[in-house]
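Q: Quick one, structure for this:
(one chain, ligands or ions: 2)
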Amino acid sequence: MQTVEVALTGRSYPIYIGDQLLERGDLVAHHLPQKRAALISDTTVAPLYLEKVAHALNASGVAVTPVVIPAGEQHKNWHTLNAVFDALILNRCERKSTLIALGGGVIGDLTGFAAASYLRGVPFIQIPTTLLAQVDSSVGGKTAINHPRGKNMIGAFYQPLAVIADMNTLNTLPGREISAGLAEIIKYGLIRDVPFFKWLEDNIEALVARDSTALAYAIQRSCENKAEVVAADEREELGERALLNLGHTFGHAIETGLGYGTWLHGEAVAAGMVIAARVSQAMGMLKSADVARITTLLERAGLPVAAPDFGLDRYMELMGIDKKVEGGKIRFILLRAIGSAFLTADVSAAALNTALAGSAANV
Ligand SMILES: NC(=O)c1ccc[n+]([C@@H]2O[C@H](COP(=O)([O-])OP(=O)(O)OC[C@H]3O[C@@H](n4cnc5c(N)ncnc54)[C@H](O)[C@@H]3O)[C@@H](O)[C@H]2O)c1
Ligand SMILES: [Zn+2]
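A: Ligands and ions are numbered 1, 2, ... in the order given. Purely as a prediction, here's the structure:
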């Protein structure tokens, strides 16, 4: 097992990465203020892993209330959140009862927001079971639900007490979900880690094939990158954390525009990163050879590189509802080079048009 620390004053927490960690009730129990937890999962993950986790927790003396919600991005909303609150209240969960998220980013984001707001805040632990959640969403304390008009528009910063990433859970993950996780992994290389980007160029097929050594390294390196950024700018006030949103302004527009769950989050981010690279190129910053390198790596990861053709006006309308909008201006993450990202509101309609036209597909 490897441990990556997220260093936050007074609230540091470990990310445990390894095999057979679902069986380690002790890892979770160690962090609980009361030997009581609600285990929140979805209809796909619960039949696979809920009993195993509940059993391990029981063996460590923890009483468990299971709460199972429907799987999928289209359920990351108020209605489902309220169903979680119903279950917590009916089962008399208390201030010291811990909410444990067992699932992908949807479960993690929704459970985290439930934990942030139930009784004004209860303890929270992440057990991510998708590659995307293990490398990104379970770390850093961004929690949210979607609004019909905008992704993740309602939420809170709320850190977990621990993250437990059991790599064995990836064995049951569909290939499309592995690719979606690779999009966020590639993102770290693009925004801040050139050696990692090069390593990914050498190892992407091994990752797609779920080679465990390659996956362990990619998960660890991603968590280290995320932990560093979060420690430097927990609440996205200094600009550094916003860089983790490379491809997301366009990606969120794709997810909302097509309807939540049509494209996976990671797929939308992949196509969004290609648009961001093309905008950077249109503005004279990124070399066309680097745009090609980025596009090729994403393609090799099994990801879409052509975005839906909504047209510039619709993209602008969709992107206008984004947490990064400031003073009414949409702000974008662009690339100066591979490994060097920056935040700017200064993007011309012409550059956007060129980029969107160049990467559009009829979906
Ligand atoms: N909070 C953050 O910082 C952050 C970062 C990135 C993404 N996100 C959010 O994460 C979400 C995407 O997460 P995701 O890609 O994990 O999606 P997801 O939670 O929808 O999981 C993908 C699918 O895989 C299933 N599944 C999960 N684990 C499985 C397993 N081990 N075996 C078989 N099936 C399994 C789920 O039931 C679901 O159907 C988006 O809502 C996105 O906005 C949040
Ligand atoms: Zn993301």
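Q: Can you show me the helices along the stretch 1-150 of the chain?
A: Taking DSSP state H, counting those that start in this stretch as the criterion, the stretch 1-150 of the chain contains helices spanning 25-29, 45, 51-59, 78-90, 105-117, 131-132.
Q: model confidence over stretch 291-310, on average?
A: Mean pLDDT, computed over stretch 291-310, is 97.
Q: which parts of the stretch 1-150 of the chain sit against ligand 1?
A: Contact residues (CB under 6 Å from any ligand atom) of the stretch 1-150 of the chain with ligand 1: 42, 44-45, 48, 71-73, 76, 103-107, 109, 129-130, 132-133, 136-137, 140, 142. Glycine gets a C-beta too; all of them are placed from N, C-alpha and C.
Q: Could you identify the buried members of those residues?
A: The neighbour count (16 or more other CB atoms under 10 Å) marks 42, 44-45, 48, 71, 73, 76, 103-107, 109, 129-130, 132-133, 136-137, 140, 142 as buried among those.
Q: Pop out the phi and psi values for Leu335.
A: With angles defined as degrees, to the nearest 10, Leu335 sits at phi -120, psi 130.
Q: Leaving out the residues flanking it, which one is nearest to it?
A: In space, and not counting its chain neighbours, Leu335 is closest to Ser280: 4.5 Å by CB to CB, 6 or more residues apart in numbering.
Q: which ones are touching that neighbour?
A: 286, 291, 334-336 (CB atoms under 8 Å, 6 or more residues apart in numbering).
Q: So what does it have for phi and psi?
A: Torsion angles, degrees, to the nearest 10, at Ser280: phi -60, psi -40.
Q: Please list the outside residues in contact with stretch 196-203.
A: 185-186, 188-190, 207, 211, 214, 217-218, 221, 225, 293, 297, 338-339.
Q: Quick check: buried residues in that stretch?
A: 196-197, 199-200, 203.
Q: Stretch 326-346 now?
A: Buried, per 16+ other CB under 10 Å, within stretch 326-346: 330-335, 338-339, 341, 343.
Q: Please apply the same query to stretch 289-303.
A: Applying 16+ other CB under 10 Å to stretch 289-303 flags 290-291, 293-295, 297-298, 300-303 as buried.
Q: Same check on stretch 54-70?
A: Buried residues in stretch 54-70, counted by 16+ other CB under 10 Å: 54, 56-57, 60, 62, 64-69.
Q: ok now it, how far from the chain's centre?
A: 24 Å (CA atoms, centre = their mean, to the nearest Å).
Q: and that stretch, C-alpha only, in PDB?
A: This file holds the C-alpha atoms of stretch 54-70, laid out as PDB (Å, rounded to 0.1, in the frame of the first residue of the first chain):
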ATOM      1  CA  ALA A  54     -20.100  -3.400   5.400                       C
ATOM      2  CA  HIS A  55     -18.700  -6.800   6.500                       C
ATOM      3  CA  ALA A  56     -15.200  -5.500   7.000                       C
ATOM      4  CA  LEU A  57     -16.500  -2.500   8.900                       C
ATOM      5  CA  ASN A  58     -18.700  -4.700  11.100                       C
ATOM      6  CA  ALA A  59     -15.700  -6.800  11.900                       C
ATOM      7  CA  SER A  60     -13.900  -3.600  13.100                       C
ATOM      8  CA  GLY A  61     -16.900  -2.800  15.300                       C
ATOM      9  CA  VAL A  62     -18.600  -0.300  13.100                       C
ATOM     10  CA  ALA A  63     -22.400  -0.300  12.700                       C
ATOM     11  CA  VAL A  64     -23.300   0.400   9.100                       C
ATOM     12  CA  THR A  65     -26.500   1.900   7.500                       C
ATOM     13  CA  PRO A  66     -26.500   1.200   3.700                       C
ATOM     14  CA  VAL A  67     -28.000   3.800   1.400                       C
ATOM     15  CA  VAL A  68     -28.200   2.900  -2.200                       C
ATOM     16  CA  ILE A  69     -29.100   5.500  -4.900                       C
ATOM     17  CA  PRO A  70     -29.500   5.200  -8.700                       C
END
